[in-house]
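Undergrad: Provide a 3D model corresponding to the input given below.
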Amino acid sequence: MSNKINTIPTKERALVLQGGGSLGAYEAGAYRGIYEFLSKWDRDHGNEKKSTFDIVAGTSIGAINSAVLVSYVIENQTYEGSAERLIEFWHYLSKESKVDKNPFFEMWWDYFHKFNKNTATSEAARRYYSAKEFALYGVPNAFYLHTPTYDHKFFDSDNVWYRYSNEPLKKSLERFVKFPIATSEEADQPRLLLVAVDVAEGIPVTFDSHATEDGSRKSEYGEFLMRDEKEPVFKYTIRYDDGITADHVIASGSFPVNFDYCKILVEDNHTGLTSSSPQNKPRKDIRYFWDGGLMTNTPLMQLVLKHRWYWYKTRGLKENVPRLGVCIVNLHPTRQDEIPQDRDAAINRNNDITFSDRSSQEEQTLLIISDYVNLVRRLIKVSTENGVKKEIIDQLLDEKTANPSFFPRLKKYSDLLAGRFQIDELIRVNRKNDEHTISNKIFDFSKKTIDLLLQRGYDDAISEFDRLKQTFTKPG
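TA: Next up, the predicted model:
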């Protein structure tokens, strides 16, 4: 991989990976197909040295896949072999289920389905009972069941809290990922972005492997606090100067209500502002985090905003920042033709809608903002060409924005116009449900299902890029 200390790319590529438990194997297969297409495309267009992806963003299992990929590229200084590494990770997570070992299981279900079409197919039953087995007994390299917590509040025997430990998943992750993950644009290393949710605040938090404008690595979030004569600050700060750790990745994948909270040390800047201590230092507390999929299972908005802010503030680009080409792998179908007619199918559809891709609306919003910025710039140009003094325009742009509490980083109107972004293409590889789909599909880590997901992800990615290759733009 090349060194880019003094170069600014005209375009960068980004990969966005959704959350979805064992469906993450589909992402691994899709990534293999995407990598094959893009690496060949780059070779054919004389761009052999270009990174396949400059940014990898993920939520939940997508965060875990993203960490495996970025770590591999940092260690090996190439994307070559990264797809195989991610597939190896999924083979390591998978486990042969009891029904997979039973030679009579499929035969029995096929027999009953032949006479009663309302009975599940043998493949649907295999997935159903594999997922049920793993939900009850866990998966050795992914999670295990805690002792159930019985209800001592309402004394309701049905109100039992079943929780899982993701400690095995953390150990598996540490086996395949070299932590901490710290990257830089200058070293041509892919940027890693992960999203989690602060349980108490109920807001998303983005972890970033690139350094901020002050040279530190940190995530700032929460209410915006004003100092008397000093720079305003966010309420909370999470510092990780050495890079993203396994805890940050697991925080993004702690699916509620079944998995443990992830605990992370956070600086409470509010206590620093109100403290009578002469050092006026923020208090450090342990805060609890859940799966980022609760609020943004497809982190497109976080990706674009972080991309713009880095190039605008950290690298000092006042005009256009590098354009973006984005590829999203969706695990939960947005639409489905069939209306569910049984409980399991209804739960399945509810889950898919809850965690489906909402980035189309974000894409429209981002493009509208980009067009507005372009319009304002053109209006300024027309104004200056028709006699409006530059001093008057500069004075207007130097005014404070009308809503600084909602957009604290955009302090002046000039901040709104600087660092304009542009999305060249946004490609989606979409997993589709088949006739054998079950509601508990995210728990099915059986070897047969994982292999099936790996292959379908690959086939869907190849099919989508074959469809688009006539209009696919030349990389910048």
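Undergrad: now the stretch 151-300 of the chain, which segments are flagged as low pLDDT?
TA: Along the stretch 151-300 of the chain, the model assigns pLDDT under 70 to residues 226-231, 272-280.
Undergrad: where do the helices sit along it?
TA: Assigned by DSSP state H, counting those that start in this stretch, the stretch 151-300 of the chain shows helices spanning 167-176, 246-252, 269-274, 300-309.
Undergrad: chain center to stretch 456-465: distance?
TA: 20 Å (C-alpha atoms, centre = their mean, to the nearest Å).
Undergrad: And for it, what's in contact with it?
TA: Applying C-beta atoms under 8 Å, 6 or more residues apart in numbering, the contact partners of stretch 456-465 are 25-34, 36-37, 329, 427-432, 472. (C-beta placed from N, C-alpha, C; glycine too.)
Undergrad: What helices and strands are in contact with the top helix by length along the chain?
TA: For the chain, the helix with the greatest residue count under DSSP state H is helix 359-385. Judged by 3 or more C-beta pairs under 8 Å, 6 or more residues apart in numbering; DSSP states H and E, helix 359-385 is in contact with helix 300-309, helix 390-397, helix 413-417, strand 423-430.
Undergrad: Just the C-alphas of the second one, formatted as CSV.
TA: Think helix 390-397. Extracted in CSV, the C-alpha atoms of helix 390-397 (Å, rounded to 0.1, in the frame of the first residue of the first chain):
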residue,chain,number,x,y,z
LYS,A,390,-16.5,40.4,-0.8
GLU,A,391,-16.3,42.0,2.7
ILE,A,392,-20.1,42.0,3.0
ILE,A,393,-20.3,38.3,2.1
ASP,A,394,-17.4,37.4,4.4
GLN,A,395,-19.1,39.3,7.3
LEU,A,396,-22.3,37.3,6.7
LEU,A,397,-20.5,34.0,6.6
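Undergrad: for it, which positions count as buried?
TA: Buried residues in helix 390-397, counted by 16 or more other C-beta atoms under 10 Å: Leu397.
Undergrad: the inter-axis angle of that helix versus helix 359-385?
TA: 150 degrees (axes from the mean of the first three to the mean of the last three C-alpha atoms, to 10 degrees).
Undergrad: which intervals of the stretch 351-476 of the chain have sub-threshold pLDDT?
TA: 402-410, 470-476.
Undergrad: how about 50 then?
TA: The stretch 351-476 of the chain contains residues with pLDDT under 50 at 406, 475-476.
Undergrad: before we move on, back to that, mind putting the helices and strands packed on helix 359-385 in CSV, distance to Pro9 included?
TA: As requested, the helices and strands packed on helix 359-385 are exported to CSV (distance: least, C-beta to C-beta, whole Å):
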stretch, distance to Pro9
helix 300-309, 12
helix 390-397, 27
helix 413-417, 22
strand 423-430, 12
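Undergrad: which of these is buried the deepest?
TA: helix 300-309 (a mean of 21; mean count of other C-beta atoms under 10 Å).
Undergrad: quick one: Ser254 from Glu167, how far?
TA: 11 Å (C-beta to C-beta, to the nearest Å).
Undergrad: Pick out whichever of the two has more residues nearby.
TA: Ser254 (25 against 12; other C-beta atoms under 10 Å).
Undergrad: Would you enumerate the residues in contact with that one?
TA: Asn166, Ala196, Asp260, Tyr261, Cys262, Phe289, Trp290, Asp291.
Undergrad: Most neighbours among those, which one?
TA: Using other C-beta under 10 Å as the neighbour test, these are led by Ala196, with 31 neighbours.
Undergrad: Near the residue nearest to it when sequence neighbours are not counted, how many other residues are there?
TA: In this structure, Ala196 finds its nearest non-sequential neighbour in Ala251, 4.1 Å apart by C-beta to C-beta, 6 or more residues apart in numbering. Neighbour count of Ala251, defined by other C-beta under 10 Å: 28.
Undergrad: Show the contacting residues for Ala251.
TA: Ala251 is in contact with Leu194, Ala196, Phe207, Cys262, Ile264, Phe289, Trp290, counting by C-beta under 8 Å, 6+ apart.
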